[in-house]
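> sequence and predicted structure are below.
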Amino acid sequence: MVTSEYLRKNSTPATPPTQFGPSRVVGPRRVVGPGLAAKLLLMLGDVFVVSLSFVVALFIKVRFFQDFGNFKPIGFSLASFYCACFAWFLLALLLVSRRYGLYHPFPATTGGHELRLTVQAVLNAGLLLCGGLYMAHWYVASRSLVVLLICTTAIALSIWRTTMRLSRYRHYEKGIDTRNVVILGTNYLSYALGQHISGNYRLGYHFLGYISTPELESDMVISSQVLGSMESMRQLTRMHFIDEVVIAQALPTEQIIELLEEARDLGIDIRAISGMYGDLTANAPIEYLGVYPVASLHRSKSKIFELFFKRAFDILFSIAVLLAVFPIMLLIALAVRFDSNGPIFYVSERIGKRGRVFPCFKFRTMVKDAEKRKKELAALNERDGILFKMTNDPRITRVGRVLRKYSLDELPQLFNILRGEMSLVGPRPPIASEVEKYELEHFRRLEVTPGLTGLWQVQARQDGSFARYIELDTAYVENWSFWLDVKIILRTARVVVGGTGT
């Protein structure tokens, strides 16, 4: 497993290296900058569950209790009446749940406390529904249906939230969807906070270490845990893929303002122990990092909706394409098997998002000992620096040339997309030997999930310049949007049909 520590050890950054401590990056990270979008997604989940509960309540009412009859309240059809009641109940539940903090992007409650708040929110919404029916003088509304709606909603939401929490814990335990956090400060409070975070994976954080300044010198933290100083924040963020900085030791307000300005540029979140910098956090709500109260100083811009649709599109598109081309893949597999000796698939270890290593699948297009012969052909490399390419490469098989021309050798990477290791669009996943030669800013391309196709493939695939390769990948990372992905997919289709692949 290649980690960020391995990459840093074997890289040659353009700026002088700082004192990096041990760091481990595993699994893809959660979307940076949780906020309104994260709350809306949680609310949408509740809307779906409550709607399903309403359908179940209606079914139980019709199946096991007396029918609704022909009652039609003032000016409404029966269906419209009950839909209006449900809408009022749903709105009340969402508002009460929000008031109880059940949609907070940083859940601080325990599982049992969350279930108690969930049931309490449902009961309060039920009371508001009953009050609304009473105030509107709709006394003939089905009392049994109201009771069934409250019961089914309480049970369904409890099961839903428990399932989501357990699933989240399993991901955190494997290092998936965690946030990389560092602590600014080296005093006793900083040390205690670091121990608390690193000792509780259920918080969803991966603790990297501490950041010091000359003003914060202390002997509470051993030197190997200090990543560097505030002056090297940009280098630290790039090399460690930092998501959040927690301030646990007081600094002059001027320095904090400079840190916030840099955080906006780097796209990281800043929080401070509650009580510090009261002027800067006057309107910020109190949050909890485990048992420690904190207040937010800066939240980076969130693209959680776009990333949600990107992942959903990746899954649906890859399944559809796999079903469509499965017969073709079988024919390709047979052709590769009988064309030359060796396995059907070529599996190489690639560096994915945030330094995560994953097996990348392709149809084999070269002879069996292609990697060994690469050193012999190094002098014939037609591209500069890290990338390798040569015209009429003798290692490519006859079938392999056809597969490469139409990019058919990359079809097995659709399985990588389904597994979440790759996306349909993104920077191509590099091999470890390429990443070893990265300079500091080159690590930007590892901040996103690698893709089957990308901006470089459709715009400058024949360009042998490594600088151009990095420039386009960096431009994609900084300007990514769902519609940019759609444009790249359409242009990729033209490249594949035109047979201009290599």
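Arrived safely.

> what packs against whatever helix or strand residue 259 lives in?
Using DSSP states H and E, residue 259 maps to helix 253-266. If contacts are counted by 3 or more CB pairs under 8 Å, 6 or more residues apart in numbering; DSSP states H and E, helix 253-266 sits against helix 233-240, strand 244-247, strand 269-273, strand 292-298. (Each C-beta comes from the backbone N, C-alpha and C, glycine too.)

> what's the closest of those to residue 344?
Residue 344 sits nearest to helix 233-240 of all those, at 38.2 Å, using CB to CB.

> check the offset of that closest one from the chain's centre.
19 Å (CA atoms, centre = their mean, to the nearest Å).

> mind listing what's buried along that helix?
Buried residues in helix 233-240, counted by 16 or more other CB atoms under 10 Å: 233, 235, 236, 237, 238, 239, 240.

> just to check, the first one is in contact with residue 265?
This means residue 233. No - checked against CB atoms under 8 Å, the pair residue 233 and residue 265 is beyond contact range at 10.0 Å.

> settle this for me: residue 399 is touching residue 333, isn't it.
No - in this structure residue 399 lies outside contact range of residue 333 using CB under 8 Å: 10.5 Å.

> of these two, which one has the most company?
Applying other CB atoms under 10 Å to residue 399 and residue 333 shows that residue 399 carries more neighbours, namely 21 against 15.

> give me the domain ranges for the chain.
Here the domain parsing of the chain from automatic domain parsing is 4-30+177-301, 36-173, 305-498.

> make TSV out of those domains and add mean pLDDT.
As requested, these are exported to TSV (pLDDT from 0 to 100):
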stretch	mean pLDDT
domain 4-30+177-301	77
domain 36-173	82
domain 305-498	82
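
> quick one on the thing from earlier: nearest to residue 321, of the buried residues of helix 233-240?
residue 238 (34.5 Å).

> what is the burial count for the nearest residue to the closest one once chain neighbours are set aside?
Distances taken as CB to CB, 6 or more residues apart in numbering place residue 443 nearest to residue 238, at 4.9 Å, with adjacent residues excluded. A total of 23 residues lie near residue 443 under the criterion other CB under 10 Å.

> tell me the SS of residue 443?
Secondary structure of residue 443, reduced to three states by DSSP: H, G, I helix; E, B strand; the rest coil: helix.

> and the helix or strand where residue 39 lies, how far out from the chain's middle?
Per DSSP H and E, residue 39 falls inside helix 36-64. How far helix 36-64 lies from its chain's middle: 26 Å, per CA atoms, centre = their mean.

> in it, what's buried?
In helix 36-64, counting by 16+ other CB under 10 Å, buried: 37-39, 42-43, 46, 49-50, 53-54, 56-58, 60-61.

> now do the host helix or strand of residue 130: which elements does it pack against?
Per DSSP H and E, residue 130 falls inside helix 111-135. Secondary-structure packing of helix 111-135 (3+ CB pairs under 8 Å, 6+ apart): helix 78-99, helix 143-173.

> and the longest helix seen in the chain, what's buried?
Using DSSP state H, we find that the single longest helix of the chain is helix 304-339. For helix 304-339, the neighbour count (16+ other CB under 10 Å) marks 304, 306, 307, 310, 313, 314, 318, 322, 329, 332, 335, 336 as buried.

> could you identify the most distant pair in those?
It's 304 and 335 that sit farthest apart of the buried residues of helix 304-339, by CB to CB, at 42.9 Å.

> isn't residue 349 up against residue 421?
No - between residue 349 and residue 421 there is no contact under CB under 8 Å: 11.3 Å.

> higher neighbour count, the two?
residue 421 (22 against 14).

> and the gap between that one and residue 413?
Separation of residue 421 from residue 413 (CB to CB, to the nearest Å) stands at 9 Å.

> who touches both of these two?
Common contacts of residue 421 and residue 413 (CB atoms under 8 Å, 6 or more residues apart in numbering): residue 360.

> just the buried residues of helix 304-339 now: which is nearest residue 144?
Residue 144 has its nearest neighbour among the buried residues of helix 304-339 in residue 304, at 39.9 Å by CB to CB.

> quick check: the closest one touching residue 39?
No - in this structure, residue 304 is not within contact of residue 39 by CB under 8 Å, at 9.8 Å.

> quick check: next helix or strand after the longest helix of the chain?
With DSSP H and E, the next secondary element past helix 304-339 is strand 345-351.

> tell me how far that following strand lies from the chain's centre.
23 Å.

> residue 182: what's it in contact with?
Contacts of residue 182 by CB under 8 Å, 6+ apart are 207, 208, 209, 210, 211, 227, 236, 240, 242, 244, 245, 246.

> recalculate using a threshold of 7 Å.
Neighbour list for residue 182: 208, 209, 210, 211, 227, 242, 245 [criterion: CB atoms under 7 Å, 6 or more residues apart in numbering].

> do residue 337 as well
With CB under 7 Å, 6+ apart, residue 337 has these contacts: residue 344.

> burial measure for residue 213, as a count.
16.

> revised request: answer the last question for residue 187.
19.

> thought it was touching residue 212?
No - contact between residue 187 and residue 212 fails when scored by CB atoms under 7 Å: they sit 10.2 Å apart.

> closest one of the buried residues of helix 36-64 to residue 476?
residue 37 (21.3 Å).

> quick one: the strands in the stretch 351-500 of the chain, in order.
Using DSSP state E, counting those that start in this stretch, the strands assigned to the stretch 351-500 of the chain run over residues 357-363, 423-425, 451-453.

> other residues contacting the longest one?
Around strand 357-363, the neighbours that count as contacts under CB under 7 Å, 6+ apart are 1-2, 332, 336, 344-352, 403, 408-413, 415-416, 421, 429.

> do I have it right that residue 418 meets residue 318?
Yes - using CB under 7 Å, residue 418 is in contact with residue 318, at 5.4 Å.

> quick one: the residue nearest to residue 366 when sequence neighbours are not counted from residue 361, how far?
Leaving aside its sequence neighbours, residue 366 sits nearest to residue 395 (CB to CB, 6+ apart; 4.5 Å). Residue 395 is 19 Å from residue 361, where distance means CB to CB.

> and for residue 347?
6 Å.

> between those two, which one's more packed in?
Shown here are residue 347 and residue 361; by other CB under 10 Å, residue 361 has more neighbours (20 against 12).

> distance-wise, check that one relative to residue 56.
In terms of CB to CB, residue 361 sits 42 Å off from residue 56.

> now swap in residue 233 and tell me
52 Å.

> do residue 467 as well
With distances taken as CB to CB, residue 467 is found 60 Å from residue 56.

> one more: residue 155?
9 Å.

> same question for residue 432.
Taking CB to CB, one finds residue 432 at 52 Å from residue 56.

> do the same with residue 497
49 Å.

> burial count for residue 435?
Residue 435 has 22 nearby residues by other CB under 10 Å.

> my guess is it contacts residue 352. True?
No - taking contacts as CB under 7 Å, residue 435 lies outside contact range of residue 352: 10.7 Å.
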